[in-house]
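> sequence and predicted structure are below.
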Amino acid sequence: MPASESEPGTYRSAGSAAMGRRPPAGPSWPVAQFPGRLDGAAPLAGRRIRVAVVGTGAIARDSHLPALARLAEEGEVEVVAAVDIDAASAEACCTESGIPHAYTDLDRMLGEQRPDLVTICTPPTLHRDQTVTALRAGAWVWCEKPPVPTLADFDAVEAAEGEDGGPYAAIVFQHRFGSGSRHVRRLLAEQALGRPLVAHCQTTWYRDTAYYAVPWRGRWQTEGGGPAMGHGIHQMDLLLDLLGPWSEVRAMAGRLVHDVETEDVSTALVRFENGALATVVNSVLSPDEVSRIRIDCARATVELTHLYGHSNAHWRITPASDVPAELAAQWQDFGQDVPSSHLAQLRELVASMRAGQRPRSSGADGRTSLELIAALYKSAFTDATVKAGEIGPGDPYYSAMHGGAPGWAPVVGEGVSA
């Protein structure tokens with residue numbers, strides 16, 4: 001698995017963790033207050049956007065910083081600081097990347113550097129606290145997936161956003177971006193391929209026993225969930241971005257191989273508001289690894305087959321037999337190849353910042369895949385169909401992905417808290 005797709009825990013924590021604290025799941029976690037909060041709509045025209053990177057592990061060095069470096073070359077951004085609980089890592093990152101300021105404390109960095117944008121590359125258990133802290137300091141946020149461990153956490157983040165003009169918090173869902181997904185999304189939105197009817201979303205990867213020997217893996221509190229949450233979220237998010245809102249889900253989950261708290265495989269049937277039916281499979285038990293989306297429409301089948309990222313060549317459109325060749329050729333024209341990447345998403349985020357507009361993969365648009373995962377777990381653990389919008393405050397799956405379900409919730413007294 002390439003470093004750019006590392007799961008939580010390969011990142012280094014920062015901010016509140018620098019004081020040895022773990023932010024609780026509840027809404028009462030204290031957030032630093034910064035006098036004279038910056039207005040998210042502050043003028044950005046005519047100057048570079050000031051960026052700080054929080055967490056200096058693999059995902060920051062291999063994906064965030066190269067994307068930022070490219071935009072710095074184009075005069076769009078400047079990286080002013082890096083934050084990590086490990087001072088040596090922060091210093092090394094700054095030296096390697098030419099970043100002027102290294103910190104071990106998020107609050108101090110925000111107070112001294114006042115960045116316009118904070119990119120968060122830390123474990124999911126820290127995302128809520130660090131995102132809210134950055135938003136309240138006036139910075140926009142770009143946070144790695146999974147965004148936060150629960151829907152309650154996501155709603156707390158959204159509540160901390162600015163109103164008109166930001167600041168806003170976006171999630172890194174880079175598979176939505178690039179020329180291939182843009183082209184197919186347009187064809188589907190215009191119904192050029194006919195009505196979507198049947199879909200398949202597959203994230204079938206392989207992780208061995210040694211992978212789960214790392215203590216934080218396979219645990220609800222530290223990983224947030226199993227392959228549905230930590231692996232398949234990218235393809236599910238892309239499927240939702242292409243097909244639109246889902247309406248109901250029926251799912252199953254199992255621990256077939258690994259001795260973990262979470263699942264190691266799940267399957268789901270999803271109905272969309274447009275009537276399309278989809279199957280979703282998320283696995284870490286599959287030696288022949290693939291990430292795949294297939295959508296059968298009335299006039300054509302669209303298929304994406306890749307592993308950790310896609311370009312135009314990974315997409316295939318197969319027209320129905322009665323489609324004119326000229327029209328089919330138009331569908332095959334994806335334009336200039338822009339691969340899915342952190343850079344592709346970051347370009348759009350920077351444009352949204354300069355326009356003072358809510359970016360894609362933030363707010364309700366960013367919440368949809370997390371809600372589907374919560375519904376998948378609820379359906380699997382309760383053996384019931386779950387409707388969109390059903391999980392809210394008071395529902396056990398709103399504040400914990402395991403929902404306290406017997407046989408799935410962490411066992412108190414075994415060194416893990418629920």
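Everything's here; your move.

> check contacts around the residue nearest the centre of the chain.
Residue closest to the average C-alpha location in the chain (Cα atoms, centre = their mean): residue 145, at 3.1 Å. Counting by Cβ atoms under 8 Å, 6 or more residues apart in numbering, residue 145 touches 171, 172, 173, 233, 234, 237. Placement of C-beta: from N, CA and C, glycine included.

> let's see the pLDDT reported for it.
With respect to pLDDT, residue 145 has a value of 92.

> about what we covered before: residue 245: which of the contacts of residue 145 is nearest?
residue 237 (13.0 Å; Cβ to Cβ).

> other SSEs contacting whichever helix or strand the closest one is part of?
Residue 237 belongs to helix 233-243 when assigned by DSSP states H and E. Under the contact definition 3 or more Cβ pairs under 8 Å, 6 or more residues apart in numbering; DSSP states H and E, helix 233-243 sits against helix 179-189, strand 196-206, strand 277-283, strand 285-297, helix 363-382.

> contacts only, for residue 102.
Residue 102 touches 81, 82, 83, 84, 87, 90, 91, 93, 94, counting by Cβ under 8 Å, 6+ apart.

> if you set the cut-off to 7 Å instead, what comes out?
82, 90, 91, 94 (Cβ atoms under 7 Å, 6 or more residues apart in numbering).

> three-state assignment of it?
State at residue 102, reduced to three classes by DSSP: H, G, I helix; E, B strand; the rest coil: strand.

> does residue 410 touch residue 220 like I think?
Yes. The pair residue 410 / residue 220 is scored as a contact, 5.7 Å apart, by Cβ atoms under 7 Å.

> can you tell me how far the closest residue to residue 194 other than its chain neighbours sits from residue 196?
In space, and not counting its chain neighbours, residue 194 is closest to residue 298: 2.8 Å by Cβ to Cβ, 6 or more residues apart in numbering. Using Cβ to Cβ, to the nearest Å, residue 298 is found at 8 Å from residue 196.

> likewise residue 362?
25 Å.

> and the strands in the stretch 101-250 of the chain, which stretches?
Under the criterion DSSP state E, counting those that start in this stretch, the stretch 101-250 of the chain carries strands at the ranges 101-103, 117-120, 140-143, 169-171, 196-206, 246-254.

> so where's this structure shaky on pLDDT?
1-42, 413-418 (pLDDT under 70).

> OK, contacts around residue 218?
Taking Cβ under 7 Å, 6+ apart, one finds 212, 226, 258, 260, 261, 262 in contact with residue 218.

> who wins for neighbours among the residues you listed?
residue 226 (29 neighbours; other Cβ atoms under 10 Å).

> phi, psi of that residue?
phi -90, psi -150 (degrees, to the nearest 10).

> for it, give me its contacts.
218, 260, 262, 263, 264.

> mind putting those into CSV with secondary structure?
Below are those laid out as CSV (three-state DSSP):
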residue, secondary structure
218, coil
260, coil
262, coil
263, coil
264, coil
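
> relative to residue 403, how far out is residue 366?
22 Å.

> the more surrounded of these two?
residue 366 (25 against 19).

> surely that one touches residue 176?
No. The criterion here is Cβ under 7 Å, and residue 366 misses it with residue 176 at 10.3 Å.

> picking that back up, how near is the residue nearest to the centre of the chain to residue 121?
For residue 145, the distance to residue 121 - Cβ to Cβ - is 11 Å.

> equivalent analysis for residue 84, please.
9 Å.

> next, show the common contact partners of those two.
With Cβ under 7 Å, 6+ apart as the test, residue 84 and residue 121 both reach residue 55.

> quick check, residue 338 in contact with residue 181.
No. Using Cβ under 7 Å, residue 338 is not in contact with residue 181; the gap is 9.6 Å.

> neighbour count for those two, which is higher?
For residue 338 versus residue 181, neighbours defined as other Cβ under 10 Å are more numerous around residue 181 (23 against 19).

> wait, is residue 82 part of a strand?
Yes. Assignment of residue 82 by three-state DSSP places it within a strand.

> now it, which residues is it bridged with?
residue 53, residue 102 (DSSP bridges).

> how about residue 306?
According to DSSP bridges, beta-bridge pairing links residue 306 with residue 291.

> what about it, neighbour count?
Neighbours around residue 306, by other Cβ under 10 Å: 19.

> and if you look at residue 73?
Residues near residue 73, counting by other Cβ under 10 Å: 9.

> can you check the one 5 residues further on too?
Here the count is done by other Cβ under 10 Å, and residue 78 has 17 residues near it.

> now do the helix or strand in which it is found: everything it contacts.
Assigned by DSSP H and E, residue 78 falls within strand 77-83. With contacts defined as Cβ under 7 Å, 6+ apart, strand 77-83 is touched by 14-15, 48-54, 56, 68, 71-72, 90, 93-94, 97, 99-103, 106, 109, 113, 115, 350.

> report the angle between the very next helix or strand once past that strand and strand 77-83.
Using DSSP H and E, the helix or strand that follows strand 77-83 in sequence is helix 87-97. Angle, helix 87-97 to strand 77-83, by axes from the mean of the first three to the mean of the last three Cα atoms, to 10 degrees: 160 degrees.

> and helix 87-97, what does it pack onto?
strand 77-83, strand 101-103 (3 or more Cβ pairs under 7 Å, 6 or more residues apart in numbering; DSSP states H and E).

> that one: how far from the chain's middle?
25 Å (Cα atoms, centre = their mean, to the nearest Å).

> ok, and for that helix, which residues are buried?
The neighbour-count check on helix 87-97 (16 or more other Cβ atoms under 10 Å) flags 89, 90, 91, 92, 93, 94, 97 as buried.

> how much space separates the fourth one from residue 390?
Meaning residue 92. For residue 92, the distance to residue 390 - Cβ to Cβ - is 47 Å.

> same thing with the third one?
Computed as Cβ to Cβ, the residue 91 to residue 390 distance reads 48 Å.

> now do the helix holding residue 237: everything it contacts.
145-146, 173, 175-176, 181, 184-185, 188, 196, 199, 201, 203, 246, 272, 274, 276, 278, 280, 291, 293, 295, 368-369, 372-373.

> swap in stretch 321-333?
By Cβ under 7 Å, 6+ apart, the list of residues contacting stretch 321-333 reads 187, 192, 299, 300, 317, 319.

> and the residues you listed, which are buried?
Of those, these count as buried by 16+ other Cβ under 10 Å: 187, 299, 300, 317, 319.
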